[in-house]
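K.L.:
pasting a predicted model and its sequence here:
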Amino acid sequence: MTRDTLHVLFVDDESEVRELGAEMLERADGSLTVATCRSAGAGLEELSETTFDCVVSDYQMPGMNGLAFYEAVSDARPELPFVLYTGVDDRTVFERAADRGIDACVRKRVGTEQYHALARRIRDATGMRLHVEDA
């Protein structure tokens, strides 16, 4: 798929992480436009109202964790790529995510390189190639 933009829904219950994540993803890859939600429930509501190309979600959130959120998203939109973005350092979480069919898992880290890695995983999950204009 060749397009100019990819619309991403970024879900995290921590406002600083959510806002910084959206801003840094858009900086890391200018073809990404990122909307945010503070919870899995709000994310499901947003997905019912707006079309997105990919979901990026934290794992540890009140009410519904990232794996349960993925299952709810996948029930409604099985074709929608889903990337788990978490600070949890537990191999079993990543194994369970892979077993369920989550497209990618990215561990939150310090520094800006993590956003470049996350943007690459979003592109890989969606199969998007950047449309490049000749100069």
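P.N.:
That came in fine, so what should we check first? Numbers count the residues shown, from 1 in each chain.
K.L.:
residue ranges with poor pLDDT in the protein?
P.N.:
Applying pLDDT under 70 to the chain flags the ranges 1-3, 128-135.
K.L.:
for the most centrally placed residue in the chain, list each beta-bridge partner.
P.N.:
For the chain, the residue nearest the mean C-alpha position is Val56 (1.3 Å; Cα atoms, centre = their mean). Assessed by DSSP bridges, Val56 has beta-bridge partners Phe10, Val83.
K.L.:
what about stretch 26-39, how long is it end to end?
P.N.:
Using Cα to Cα, to the nearest Å, the end-to-end distance of stretch 26-39 comes out at 21 Å.
K.L.:
at which residues are the helices of the chain located?
P.N.:
Along the chain, the stretches classed as helices by DSSP state H are 15-28, 40-49, 66-76, 91-100, 113-126.
K.L.:
could I get these as TSV with mean neighbour count and distance to Leu84?
P.N.:
Where you see a C-beta, it was placed from the backbone N, CA and C, and this is true even at glycine. Below are the helices of the chain laid out as TSV (neighbours: other Cβ atoms under 10 Å; distance: least, Cβ to Cβ, whole Å):
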stretch	mean neighbour count	distance to Leu84
helix 15-28	16	13
helix 40-49	16	12
helix 66-76	17	5
helix 91-100	14	5
helix 113-126	19	10
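K.L.:
make TSV out of those and add distance to Thr5.
P.N.:
Listed next are the helices of the chain as TSV, based on distance: least, Cβ to Cβ, whole Å:
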stretch	distance to Thr5
helix 15-28	10
helix 40-49	17
helix 66-76	21
helix 91-100	26
helix 113-126	11
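K.L.:
so for Leu9, which of these sits nearest?
P.N.:
Leu9 lies closest, by Cβ to Cβ, to one member of those: helix 40-49, at 6.1 Å.
K.L.:
residue contacts, Leu118?
P.N.:
21, 25, 28, 56, 83, 85, 106 (Cβ atoms under 8 Å, 6 or more residues apart in numbering).
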